[in-house]
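S.K.: Structure for the following, please:
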Amino acid sequence: MNKKLTRKEKQAAQPKGPSRQQQHSLIAATQKTKRWLGLLLAAVAMLVYANTVNHQYVLDDWGLIPENKITRKGTEGLGEIFKTSYRTGMDIPDYSLYRPLSKATFAIEWEIAPNNPQLGHINNILMYGLCCYLLFLVLVRLFNGKWIVPFITALLFAVHPIHTEVVANIKSRDEILAMIFLILSLGAALTYVTRKGVVPLFILSGCFFLAMLSKESSITWIAVIPLALYFFTEAKKSDVFNVTLAAVIPSVLFLLIRRSILGSADLPIPVADNYLAGIPDFLTQRTSAIAILGFYFYKLFVPYPLMADASFSHFPPYNWNDWHFLVTLLVFLGLIWYALRRFTAKDPVAFAILYFFITISIVSNVLLLIGTNYAERLLFAPSLGWCLAIAVVLGRVFERETSEDQPPLLLMTFFKKHSRLLAFTAVLSLVFFGVATSRNAAWETNYKLYTTDIAKVPNSAHMRFYLANHITSEEYLTDLGDSVKAALSQEQAILQLDTAIMINEKYADAYQRRGYIRYSKKEYPRAEVDFKKALDINPTEPVAHNNYGNLLFNSNRFDEAKVQFEQAIRYNPRYAHALNNLASIYGVMGEGERQAIQADPLNAAQHSANAKRNYETAIGYFQKAIKEDPEYPTPYYLMGITYRNLGDEQTARTYIQKSEEVKKIKRYNAGN
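M.R.: Got it, this is the predicted structure:
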């Protein structure tokens, strides 16, 4: 009979585990390997977009960076950026968006390297790499230390071609910044659940507020974060409540700030931007929005062809009995049914489905109409749900490969352990990599993007307007360096605008641009018809008022021109060109009074007083123009001439000299 062992003897007989020092060494080795995997993902993400480094400003970049008067102030304009709407600083006012954080980064870049898009592209690439790195680390925490599904998810996210617009277009940094801060918010929530304390909650609130300052659609993560805690942790209800509250508080604060800056005006959505706004039937609006949501979903599986624009009238209205709507509805209902059925089982695929619908809800045009009916950048955050679902499904297909008892200590061990699954994912990733890098090439210049995409969306009035606008811009015509080529480019632009107007007969911007081209060709009668048509469609368009005013001014119809310039300033009080032009009207009026002295010597004193008053009014408007755009040389010069007319030669020379200095700075910035 065996002798019964004492407790000490039993303890001595047990196999000894690793010492505390050995445990620390194992944890350190595991953490090091995890970081290397994260860095590998970041490197892949940055490699996808390495061919965008030398690209130019493209599409919306122009209005927010090189042509934005506030951004061009650099760090001096940071305070103003946080006090104004997103697109303030453009000639066209837009009070519908408030995203100061991304715009602030553009201003800082301008301070460092004026008119140099390379810095912006490099920063977008670096931020995208950081985003993918953080995504992997936080997903590992969600999956309780298992690496393979988080790795595949982050890899698919890094190489997915649907992200090309976000990374290749500097302006879309708002999407990347928002995602970075949202991932950090989720990480802080996980820290709170495991460690408690108020510090993680403060970090969560701070990161969530920064995400909201980056892009308003971040607010959907108020639902995402508690949902993630339910699916992937054993968090108590009280913990989930505290985490949710920590996200709600900065969101409410942001919305209050946003309202105080933008006001509560409900501005109409142009049909040219979102054709759904032109559909009078609410039901058809929503069935069409759901059908387009189906196109979005399809693009996640087959990201080709990719398009920078698909507005009026690329998509037709989709009625309730159209197969595009019906198929999309059935697929989405099936996905929602699966998610709800597997909700209590905490199936990660169910989470991925719910995540997709939550994050795309606010930009889908189903709940409310937004400023566009189709934009691939809007899939940036929702695409994470697709990547996660695919990663989990692949993991189940290769079930043997995904069983992890302990994370591997070495990178090679990880790759060998999941060789089949990773090989399959690598093939898919290489296909996505090729599509993405190929698409990046189209984002090199405006001309390349527009001419490439018009072939894909020939019925997009917007895209034809963009091309016409570009090939008649001052920079483009100057670069042509040939009057014959310039005239041909203008004629080509008019043909594009003719087509745009045929597509959308109420496209005010197209009439305005065609009028401007005809005005520059001195075809005044035809240009006037276009300007009047543009203002008949949209009487609040400041650019149309200003350009029409220029035509009237050069036709010596000064009283009519004055009305147009005043209207331009009424609808955009910060419009430097219109302010300068109105000042010029008062200068002309002052000159008229001076000339009247000789024709009417009996009232010479009165004419002299009127001339002085008009010149002083002109100076006031010139000063406002300079305040709004200090890099605009014309008001400096004209103010100098006005002071000369007032007899102040010293001040006149100062401003004329200043205009030359501004011209030199502008030429230098343009060349660098």
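S.K.: Just the element for Ala345, please.
M.R.: Ala345 belongs to no helix or strand when assigned by DSSP states H and E.
S.K.: And it, how far from Thr30?
M.R.: Separation of Ala345 from Thr30 (C-beta to C-beta, to the nearest Å): 29 Å. The way it works is simple: take the backbone N, C-alpha and C, and place the C-beta from them, glycine included.
S.K.: More neighbours: these two, which one.
M.R.: Comparing Ala345 with Thr30 by other C-beta atoms under 10 Å, the one with more neighbours is Thr30, at 17 against 8.
S.K.: Let me know the pLDDT of that one.
M.R.: Residue-level confidence at Thr30 comes out at 77, pLDDT.
S.K.: tell me the secondary structure for it?
M.R.: Recorded secondary structure, Thr30: helix (DSSP: H, G, I helix; E, B strand; the rest coil).
S.K.: same question, the one 5 residues further on
M.R.: Under the three-state scheme (three-state DSSP), the conformation of Arg35 reads as helix.
S.K.: What are the contacting residues of stretch 337-356?
M.R.: 143, 149, 224, 227-228, 230-232, 335-336, 382, 384-386, 388-389, 392-393 (C-beta atoms under 8 Å, 6 or more residues apart in numbering).
S.K.: CA atoms of it as CSV?
M.R.: Presented in CSV, the C-alpha positions along stretch 337-356 are these (Å, rounded to 0.1, in the frame of the first residue of the first chain):
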residue,chain,number,x,y,z
TRP,A,337,-31.1,38.3,-38.9
TYR,A,338,-27.8,36.5,-38.5
ALA,A,339,-26.4,39.2,-36.2
LEU,A,340,-29.5,39.1,-33.9
ARG,A,341,-29.7,35.3,-33.9
ARG,A,342,-26.0,35.1,-32.8
PHE,A,343,-26.1,38.1,-30.5
THR,A,344,-26.4,36.2,-27.2
ALA,A,345,-23.7,33.8,-28.4
LYS,A,346,-21.4,36.8,-28.8
ASP,A,347,-20.3,35.7,-32.3
PRO,A,348,-17.6,38.1,-33.6
VAL,A,349,-19.3,38.0,-37.0
ALA,A,350,-22.5,39.3,-35.5
PHE,A,351,-20.5,42.1,-34.0
ALA,A,352,-18.9,42.9,-37.3
ILE,A,353,-22.2,43.1,-39.0
LEU,A,354,-23.7,45.4,-36.4
TYR,A,355,-20.6,47.5,-36.5
PHE,A,356,-20.9,47.9,-40.2
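S.K.: average pLDDT for it?
M.R.: For stretch 337-356, mean pLDDT rounds to 97.
S.K.: likewise stretch 243-251?
M.R.: For stretch 243-251, mean pLDDT is 97.
S.K.: Need the contact partners of it.
M.R.: Residues contacting stretch 243-251 (C-beta under 8 Å, 6+ apart): 185, 189, 192-193, 201-202, 204-206, 208-209, 212, 219, 221-222, 225-226, 229, 235.
S.K.: ok, now stretch 640-649?
M.R.: Contacts of stretch 640-649 (C-beta under 8 Å, 6+ apart): 583, 587, 590-591, 594, 611-612, 615-616, 618-619, 622, 651-656, 658-659.
S.K.: Show me where the stretch 351-500 of the chain dips below the pLDDT cut-off.
M.R.: Scanning the stretch 351-500 of the chain for pLDDT under 70 picks out 399-409.
S.K.: still on that earlier bit, filter the contacts of stretch 337-356 down to the buried ones.
M.R.: By neighbour count, with 16 or more other C-beta atoms under 10 Å, the contacts of stretch 337-356 hold 143, 149, 224, 227-228, 230-232, 335, 382, 384-386, 388-389, 392 as buried.
S.K.: For the residue nearest the centre of the chain, which non-adjacent residue is spatially closest?
M.R.: With distances taken as C-alpha atoms, centre = their mean, Ser172 lies nearest the centre of the chain, 3.3 Å away. Among residues not flanking Ser172 along the chain, Val166 sits closest, at 4.3 Å (C-beta to C-beta, 6 or more residues apart in numbering).
S.K.: Thought Leu177 was touching the one you found, still the case?
M.R.: No: the pair Val166 and Leu177 fails to qualify as a contact (C-beta atoms under 8 Å) at a distance of 10.6 Å.
S.K.: where do the contact lists of those two overlap?
M.R.: With contacts taken as C-beta under 8 Å, 6+ apart, Val166 and Leu177 have no neighbour in common.
S.K.: hey, where'd the helices end up in the stretch 151-300 of the chain?
M.R.: Counting by DSSP state H, counting those that start in this stretch, one finds helices in the stretch 151-300 of the chain at the ranges 164-168, 173-195, 199-214, 221-232, 237-262, 282-301.
S.K.: Please list only the buried members of the contacts of stretch 243-251.
M.R.: Here, 16+ other C-beta under 10 Å leaves 185, 189, 192-193, 201, 204-206, 208-209, 212, 219, 221-222, 225-226, 229, 235 buried among those.
S.K.: how close does Ile656 get to Thr617?
M.R.: Taking C-beta to C-beta, one finds Ile656 at 20 Å from Thr617.
S.K.: Mind splitting this structure into its structural domains?
M.R.: By the assignment in automatic domain parsing, the chain contains the domains 173-267, 270-397, 575-672.
S.K.: Can you lay out the ones you listed as TSV showing distance to Ile537?
M.R.: Shown next, in TSV, are the domains of the chain (distance: least, C-beta to C-beta, whole Å):
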stretch	distance to Ile537
domain 173-267	16
domain 270-397	10
domain 575-672	20
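S.K.: of the ones you listed, which approaches Arg464 most closely?
M.R.: Proximity to Arg464 (C-beta to C-beta) singles out domain 270-397 among these, at 9.9 Å.
S.K.: and that closest one, how far apart are its ends?
M.R.: 47 Å (C-alpha to C-alpha, to the nearest Å).
S.K.: ditto for stretch 262-277
M.R.: OK, stretch 262-277 end separation, C-alpha to C-alpha: 22 Å.
S.K.: same question, stretch 311-325
M.R.: This stretch, stretch 311-325, spans 18 Å end to end (C-alpha to C-alpha).
S.K.: likewise stretch 64-78?
M.R.: Stretch 64-78 has an end-to-end distance of 14 Å (criterion: C-alpha to C-alpha).
S.K.: Return the set of buried residues in that stretch.
M.R.: Neighbour-count burial for stretch 64-78 flags 64-66, 68-74, 77-78 (criterion: 16+ other C-beta under 10 Å).
S.K.: Neighbours of the closest residue to Ile503 other than its chain neighbours, how many?
M.R.: In this structure, Ile503 finds its nearest non-sequential neighbour in Ala461, 4.2 Å apart by C-beta to C-beta, 6+ apart. Residues lying near Ala461 (other C-beta under 10 Å) number 29.
S.K.: swap in Leu256?
M.R.: Counted with other C-beta under 10 Å, the neighbours of Leu256 add up to 10.
S.K.: go on, Phe282?
M.R.: Neighbourhood size, Phe282 [other C-beta under 10 Å]: 8.
S.K.: separation between it and Leu369?
M.R.: Relative to Leu369, and taking C-beta to C-beta, Phe282 is found at 10 Å.
S.K.: related to what we said a few turns ago, which of the buried ones among the contacts of stretch 337-356 lies closest to Tyr571?
M.R.: Pro382 (35.4 Å).
S.K.: quick one: the closest one and Pro635, what's the gap?
M.R.: Between Pro382 and Pro635 the computed distance is 46 Å (C-beta to C-beta).
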